[in-house]
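Trainee: Give the three-dimensional model of this entry:
(one chain, ligands or ions: 1)
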Amino acid sequence: MADDRFHVYDTTLRDGAQQEGLNLTVADKLVVARHLDGLGVGFIEGGWPGANPKDTEFFRRARTELDLKHAQLAAFGATRRAGVKAADDPLVAALRESGAPVVTLVAKSHDRHVELALRTTLEENLAMIRDTVSHLRAEGQRVFLDAEHFFDGFRSNPAYALEVIRTAAEAGADVIALCDTNGGMLPDELAEVVHEAVGTSARVGIHCHDDTGCAVANTLAAVKAGATHVQGCANGYGERSGNANLFTVVANLQLKRGYDLVPRESLAEMTRIAHAITEVTNVTPNSHAPYVGMSAFAHKAGLHASAIKVDPNLYQHIDPAQVGNDMRMLVSDMAGRASVELKGRELGYELTPDHTKALVDRVKDMESQGYTFEAADASFELLLRDTVQGERRRHFEVESWRVIVERTKGGELVSEATVKLHAKGERIVATGEGNGPVNALDKAVRLALEQLYPELAKLELIDYKVRILEGTHGTHAVTRVLITSSDERAEWATVGVAENIIDASWQALEQAVTYGLLRAGRELS
Ligand SMILES: [Zn+2]
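Mentor: Sure, this is the predicted structure:
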């Protein structure tokens, strides 16, 4: 577990998931949690069990499916309701039963919010904090407190805001995170307030939103003023303008301020992890993001070209390799020799130097066309097998496919797909109907192959993501499709890229079925 002197606390799965258009399944959340753990964050806030069934499910599955190396899970929730005992409040019970070693309680610290939103007295709010914190502590959980609207509360009634901190600390809360909930603060004033809070002798944390464009600056200012717990979200996700970007915060503190927050080799994975998370969230990565953006170390050549060649350090604020980025940009995540060899080994293949070179060239070429293998392990493994075997072998060959979409008289859209395949010496023609073209193709393929491969009945397409990639240098925009499939035991993802969305989907679908058959033990003959 990470060092307890300074906390890196991620809230992507709770506060970050509030971002407009961002929608994570439980499986997505588990994947994001693994990536964050790979980066080496200390705490991962998984959501609000009890209040949200998906989050209850996340904590349940996390117990058996998440094997965290660095991070501890935190369950988020509110202090007990007014007028009941913490022990009798079902929402508090859900926090207790989440199995999370840490509970982060959100509490009001702004007098007006207590009266208007909570509709209770200032004294009862303090009692709610005291009672809930001490109850959870007595039940064996570590407790952090998010002091909501703290900075506005401090402006409105400083004595009460500080009283909230003292009450929580005395009841046993380990950290009081001061939240700039509406994100309106600027670094100088924020630092003064943090300084006051640090004077209460409670351990102080900071939680910032980016409404003034200062979330990271505010977080750094808070640390300078004595905060030893920073909260933020992967890629700065969050509602409105987002939360403090945890990647930027960590890189700044570690590389510019000398904090030892995550292992150096994990920091060097930061760019890869930031991008892998965007594949799960399906939010287009910000190419100008500090440290991890594709353009973060991209230089326009021109005047500086020769000087950059002689000494790139003259033109960049850090060595991009420290965060796993690249001066030439083009985050070719899989394309490094070492990472391809490593990945091959992970999948159980010993690659010869010739294989590795061929594979690296192929991956680079395909990534330049828009493929991504970071999130499409199954596609990468098929590519790897083709390279090792020296030819492309499949369980079935495609002669042709066709899809028609019809709008009926009643206004209903019906898709019908026909596939012509060759498998085990047979030519098979099958037709499937679906609510969309990809669904129809999927049905047609199964119908065609299920006689020969009954195990396909267990295969299920569970997610389908589309992204339009802008064309570069006169090329057309292309569509990238990522399909996640599952049998009863595992999930895998495949990728297709084409100008035409159905063509891209078909590629991903064909690989999904091939990979599913390999998993079922059908070797390629
Ligand atoms: Zn927040």
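Trainee: what residues are up against residue 120?
Mentor: Counting by CB atoms under 8 Å, 6 or more residues apart in numbering, residue 120 touches 82, 83, 114, 128. (Glycine included, C-beta is placed from N, CA and C.)
Trainee: just the buried members of those residues?
Mentor: Using 16 or more other CB atoms under 10 Å as the burial test, these include 114, 128 as buried.
Trainee: Out of the contacts of residue 120, which two sit at the greatest distance?
Mentor: 83 and 114 (14.0 Å; CB to CB).
Trainee: In the helix ranked longest in the chain, which residues are buried?
Mentor: The single longest helix within the chain, with elements called by DSSP state H, is helix 501-519. For helix 501-519, burial by neighbour count (16+ other CB under 10 Å) applies to 501-502, 504-519.
Trainee: what sits up against that helix?
Mentor: Under CB under 8 Å, 6+ apart, the answer for helix 501-519 is 378-379, 381-382, 394-396, 398, 401, 403, 437-438, 441-442, 445-446, 449, 453, 455-456, 459, 461, 464, 466, 478-483, 485, 487, 490, 492, 494-498, 524.
Trainee: Ok, stretch 258-277 next?
Mentor: 2-3, 6, 8, 12, 32, 35-36, 38-41, 70, 234-235, 247, 250-251, 253-255, 285, 289, 291-292, 321-326, 331, 333, 374-375.
Trainee: end-to-end on that stretch?
Mentor: Distance across stretch 258-277, first residue to last, is 26 Å (CA to CA, to the nearest Å).
Trainee: pLDDT of it, averaged?
Mentor: Here stretch 258-277 scores 94 as its mean pLDDT.
Trainee: next one: that stretch to chain centre, how far?
Mentor: Chain-centre distance of stretch 258-277: 14 Å, with CA atoms, centre = their mean, to the nearest Å.
Trainee: same check, this time on stretch 15-27
Mentor: Distance, centroid of stretch 15-27 to centroid of chain: 9 Å (CA atoms, centre = their mean).
Trainee: go on, stretch 382-399?
Mentor: 31 Å.
Trainee: Please apply the same query to stretch 457-477.
Mentor: Per CA atoms, centre = their mean, the centroid offset for stretch 457-477 relative to its chain is 18 Å.
Trainee: Can you give me the buried ones in it?
Mentor: Buried residues in stretch 457-477 (16+ other CB under 10 Å): 459, 461, 463, 464, 465, 467, 469.
Trainee: Next step: the residues you listed restricted to strands.
Mentor: Within the buried residues of stretch 457-477, residues falling in strands by DSSP state E are 461, 463, 464, 465, 467, 469.
Trainee: and which of these is nearest residue 184?
Mentor: residue 467 (33.3 Å).
Trainee: For the nearest residue to the closest one once chain neighbours are set aside, identify the helix or strand it belongs to.
Mentor: Spatial nearest neighbour of residue 467, chain neighbours left out: residue 480 (4.9 Å); criterion: CB to CB, 6 or more residues apart in numbering. For residue 480, the element it lies in under DSSP states H and E is strand 478-486.
Trainee: That strand - contacts with which helices or strands?
Mentor: strand 460-469, strand 491-498, helix 501-519 (3 or more CB pairs under 8 Å, 6 or more residues apart in numbering; DSSP states H and E).
Trainee: among these, which is nearest residue 430?
Mentor: Per CB to CB, nearest to residue 430 of those: helix 501-519, 12.9 Å.
Trainee: now the closest one and strand 478-486, what's the angle there?
Mentor: Angle, helix 501-519 to strand 478-486, by axes from the mean of the first three to the mean of the last three CA atoms, to 10 degrees: 30 degrees.
Trainee: Okay, buried residues for the helix or strand where residue 340 lies please.
Mentor: Assessed by DSSP H and E, residue 340 sits inside helix 337-346. Residues of helix 337-346 classed as buried: 339, 340, 341, 343, 344 (neighbour count, 16+ other CB under 10 Å).
Trainee: Closest to residue 195 out of those residues?
Mentor: Nearest to residue 195 among the buried residues of helix 337-346, with distances taken as CB to CB, is residue 339, at 44.5 Å.
Trainee: Let me see the domain layout of the protein.
Mentor: 7-267, 298-389, 397-519 (automatic domain parsing).
Trainee: List just the nearest of the buried residues of helix 337-346 to residue 47.
Mentor: residue 343 (30.7 Å).
Trainee: Give me the distance between that closest one and residue 354.
Mentor: When distance is defined by CB to CB, to the nearest Å, residue 343 is 17 Å away from residue 354.
Trainee: what ranges do the helices span in the stretch 251-400 of the chain?
Mentor: 264-267, 270-281, 305-310, 337-346, 353-369, 377-389 (DSSP state H, counting those that start in this stretch).
Trainee: Show me the one of these that comes nearest residue 118.
Mentor: Comparing these by CB to CB, helix 270-281 comes nearest, at 32.3 Å.
Trainee: Find the nearest non-adjacent residue to residue 124, please.
Mentor: Closest to residue 124 by CB to CB, 6+ apart is residue 82, at 5.2 Å.
Trainee: Correct me if wrong: the one you found contacts residue 129.
Mentor: No: when contacts are counted by CB atoms under 8 Å, residue 82 is not listed as touching residue 129 (11.5 Å).
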